[in-house]
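1. My questions are about this predicted structure, shown below with the sequence.
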Amino acid sequence: MSFQGSTLFGGTPGTIVGRAQYSFPRGLGYAAIDVPALGPRAAGRAYLVYLPTRLWAKPVVSTGLPQGDLWVSARFTGPRSGGSTTPPIALVLESMNPQLLLEEIAAGAVAARSSGHRVVDHVPFAEYVVSVDLVQALKTYDKAGALRTAMQQQLAALRANRGTSLARIVIGVDGTGRIAQLDSSPAGAKLGTVHIALWRFGSPIPLSLPLTSETVDVASLQRSHGAVTPAWVLLGS
C-alpha cells in the first residue's frame, strides 16, 4: 500500500509505503507503515492489528505510553461507538484496510463507469470509477464495529467538507475478475490518496494478537492525556 500526499504525519506531503496481510472472512488484518523522519523525529515503523470490533496500533515510539505498554487499542462495539474515539481514529486506521473500501462498494455503490485499462508490473487491469453513497452503505451494512464507525466518521467529514454523501473509489480488476487494485482519498483521514494492491490471494494468515499486558486502551489515555489523535496513536509522540 502507499499514501501519496499524506499530511497526517506532518512535514511536506510525500509518499508513505506499507505492507499488510488481511483475512476478510475473519476481519483480521496486520499492517506495517514506514513513517519517514521529520526534524528530530527519526524514521520508524508503526504496526496495526485489525479485528472487527477492536483495533491495535503500535506507534513508532512508545515513550508517550504508560511504562510497559507498547500498543494502543480501541474498541468499537456499538452502532454509534465512533463518538467515544473522536478524533476519527477508526477512519484513519481503517482507511489503511482494503476491507473498508470493499464493504463500502458492496453496500453502497450507486454508479460505476469504465475508465480504461492500465498495466502495473506487466499485469493488465480494467479500471472502473465507483461512486459510493455512504448513507446507503450504512443502511445496508448493519454490523457494529470499527468498519461501521469508520463509515460514519467518513460520512461526517464528507458532509462537513464537501456537502455530499458520495465517496469515489477507483478499482482495478485483473484478468480473473478479482478486484486487485484500490485507490481512494478518504475525506477526513489526512492520508492523501490511498493506493492498495492486493495479491497472493489464498495465503494462510495466523491469528496473533498483542499481549494484554502490553496494551493500553485509548479510553484510558484520553482520561489521562486528553484528546488522543490518530497521528499520536501512530507516532507515539
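-> That came through fine.

2. mind exporting whichever helix in the chain runs longest as PDB, just the C-alpha atoms?
-> Among the segments of the chain that qualify as a helix by DSSP state H, the longest is helix 146-162. Backbone C-alpha positions of helix 146-162 (Å, rounded to 0.1, in the frame of the first residue of the first chain) are rendered in PDB as follows:
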ATOM      1  CA  ALA A 146     -14.800  -0.500  13.600                       C
ATOM      2  CA  LEU A 147     -15.700  -0.600   9.900                       C
ATOM      3  CA  ARG A 148     -19.200   0.900  10.500                       C
ATOM      4  CA  THR A 149     -17.700   3.600  12.800                       C
ATOM      5  CA  ALA A 150     -15.200   4.500  10.100                       C
ATOM      6  CA  MET A 151     -18.000   4.800   7.600                       C
ATOM      7  CA  GLN A 152     -19.900   7.100  10.000                       C
ATOM      8  CA  GLN A 153     -16.800   9.300  10.500                       C
ATOM      9  CA  GLN A 154     -16.100   9.400   6.800                       C
ATOM     10  CA  LEU A 155     -19.700  10.500   6.100                       C
ATOM     11  CA  ALA A 156     -19.400  13.200   8.700                       C
ATOM     12  CA  ALA A 157     -16.200  14.500   7.100                       C
ATOM     13  CA  LEU A 158     -17.700  14.400   3.600                       C
ATOM     14  CA  ARG A 159     -20.800  16.400   4.600                       C
ATOM     15  CA  ALA A 160     -18.700  18.900   6.500                       C
ATOM     16  CA  ASN A 161     -16.100  19.400   3.800                       C
ATOM     17  CA  ARG A 162     -18.000  18.800   0.500                       C
END
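
3. ok, and what's touching whichever helix or strand comes after that helix?
-> Going down the chain from helix 146-162, the next helix or strand is strand 166-173, by DSSP states H and E. Residues from elsewhere that reach strand 166-173 (C-beta atoms under 8 Å, 6 or more residues apart in numbering): 101, 104-105, 110, 115, 118, 120, 125-134, 154, 158, 179-187. C-beta: built from backbone N, CA, C; applies to glycine.

4. circling back: what is the rounded mean pLDDT of the longest helix of the chain?
-> In this model, helix 146-162 has a mean pLDDT of 94.

5. That helix - contacts with which helices or strands?
-> The criterion is 3 or more C-beta pairs under 8 Å, 6 or more residues apart in numbering; DSSP states H and E, and the helices and strands that helix 146-162 contacts are helix 89-94, helix 98-108, helix 134-140, strand 166-173.

6. will you turn these into a markdown table that also has mean neighbour count?
-> Converted to a markdown table, the helices and strands packed on helix 146-162 look like this (neighbours: other C-beta atoms under 10 Å):
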| stretch | mean neighbour count |
| --- | --- |
| helix 89-94 | 27 |
| helix 98-108 | 22 |
| helix 134-140 | 17 |
| strand 166-173 | 19 |
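
7. So which residues of this protein form strands?
-> Secondary structure of the chain (DSSP state E): strands located at 2-6, 14-23, 28-35, 44-51, 54-58, 71-75, 109-120, 123-133, 166-173, 179-184, 193-197, 215-217.

8. helices or strands next to the third one in the packing?
-> In this case it means strand 28-35. Helices and strands touching strand 28-35, as assessed by 3+ C-beta pairs under 8 Å, 6+ apart, comprise strand 14-23, strand 44-51, helix 230-235.

9. Relative to H195, which of those is closest?
-> Each of the helices and strands packed on strand 28-35 was checked against H195 via C-beta to C-beta, and the shortest separation belongs to strand 14-23, namely 9.3 Å.

10. Take the strands of the chain and lay them out in TSV including mean pLDDT and distance to A231.
-> As requested, those are arranged in TSV below (pLDDT from 0 to 100; distance: least, C-beta to C-beta, whole Å):
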stretch	mean pLDDT	distance to A231
strand 2-6	93	10
strand 14-23	92	12
strand 28-35	96	10
strand 44-51	96	10
strand 54-58	96	11
strand 71-75	94	12
strand 109-120	91	30
strand 123-133	95	26
strand 166-173	97	22
strand 179-184	96	20
strand 193-197	96	16
strand 215-217	93	17
